[in-house]
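Undergrad: need a structure here:
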Amino acid sequence: MLQWSTMKTKHVLALFLALMAALVAFALCFRETFLALLDRPELRGHARFVHIAATTLFFANAALGMVWEARSLASGRKETILHTYDTVAWLDARFSSPLIVLSLVSGLMLAVASGDLWHIGWLSNAFVLFLLSGVIWVASDIPTQGKVRRLTAAARESDDEALPAELFHILKLRLWIGLAGVLPLVAVLVLMVYRPDIRAVAAWFR
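TA: As a prediction, this is how the structure comes out:
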């Protein structure tokens, strides 16, 4: 039953990753059509609400998930650590992933209404930081998930009350990766709230 739940979590996560990849591909191949779909003045109020709610919930879930993981690792209790990892993985697939999609789509709708994203200082920098957080997650966190699943499955079947050293090390590493991915999001929230007059990303290449 647990293995089936883990597989479903993996498939849900893969589905949302594929959806985000499809959005990026569509935007690159059909730029004008994509922008036209986003330029909907009658939906801007709804987009603003969705964006604020989705980004706040996503950031809160990421930050609290890290605290929960850190506390479970500090306890050293095998069952606590395994249960925490399962729950965080479940939340990532079914809660964080759709929130990322909602944040991205609603944010782009608001950006289109504001003008050229790459020429607005705070907005372009916030978007780059958002992408950086995603790159850190995809490049560092996702590749370790398969190994973690295999090690956790072996740990559950073992009568040893201690967590395997390799698994403990990987989970601790993932915690630091999570922190590296959350820090850019802190900067994004600061830029969203204060909207400082800073150099736009487009100006970097002049």
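Undergrad: give the helix, strand or coil label for the residue lying farthest from the centre of the chain.
TA: Here the centre of the chain is the reference, and by Cα atoms, centre = their mean the most remote residue is Asp159, at 34.6 Å. Classification of Asp159 using DSSP: H, G, I helix; E, B strand; the rest coil returns coil.
Undergrad: so how far is Gly65 from it?
TA: With distances taken as Cβ to Cβ, to the nearest Å, Asp159 is found 29 Å from Gly65. For every residue, glycine as well, the C-beta is placed using N, CA and C.
Undergrad: with Ala27 instead?
TA: 29 Å.
Undergrad: cool, and Arg94?
TA: 13 Å.
Undergrad: so the two - more neighbours on which side?
TA: Gly65 (21 against 14; other Cβ atoms under 10 Å).
Undergrad: so where's the chain shaky on pLDDT?
TA: 1-10, 13 (pLDDT under 70).
Undergrad: what ranges do the helices span in it?
TA: For the chain, the helices defined by DSSP state H occupy 2-29, 31-38, 44-75, 78-91, 97-114, 121-136, 142-157, 165-194.
Undergrad: tell me who's in contact with Met66.
TA: 175, 178-179, 182 (Cβ atoms under 8 Å, 6 or more residues apart in numbering).
Undergrad: and of these, the nearest to Val138?
TA: For those, the closest approach to Val138 (Cβ to Cβ) belongs to Gly178, at 13.1 Å.
Undergrad: shouldn't that closest one be in contact with Gly65?
TA: Yes. Counting by Cβ atoms under 8 Å, Gly178 does reach Gly65; the two are 7.3 Å apart.
Undergrad: help me confirm that Arg199 comes into contact with His119.
TA: No. At 10.4 Å, Arg199 does not count as touching His119 under the criterion of Cβ under 8 Å.
Undergrad: could you dump the contacts of Met66 to CSV with neighbour count?
TA: Below are the contacts of Met66 laid out as CSV (neighbours: other Cβ atoms under 10 Å):
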residue, neighbour count
Leu175, 17
Gly178, 22
Leu179, 14
Val182, 17
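Undergrad: for those, which one is nearest Ala53?
TA: If you rank those by distance to Ala53 using Cβ to Cβ, Val182 comes first, at 18.5 Å.
Undergrad: residue contacts, that closest one?
TA: By Cβ under 8 Å, 6+ apart, the neighbours of Val182 are 59, 62-63, 66, 133.
Undergrad: kindly recompute the last result at 10 Å.
TA: 59, 62-63, 65-66, 133, 136-137 (Cβ atoms under 10 Å, 6 or more residues apart in numbering).
Undergrad: repeat that for Arg48.
TA: By Cβ under 10 Å, 6+ apart, the contact list for Arg48 reads 106-107, 109-110, 113.
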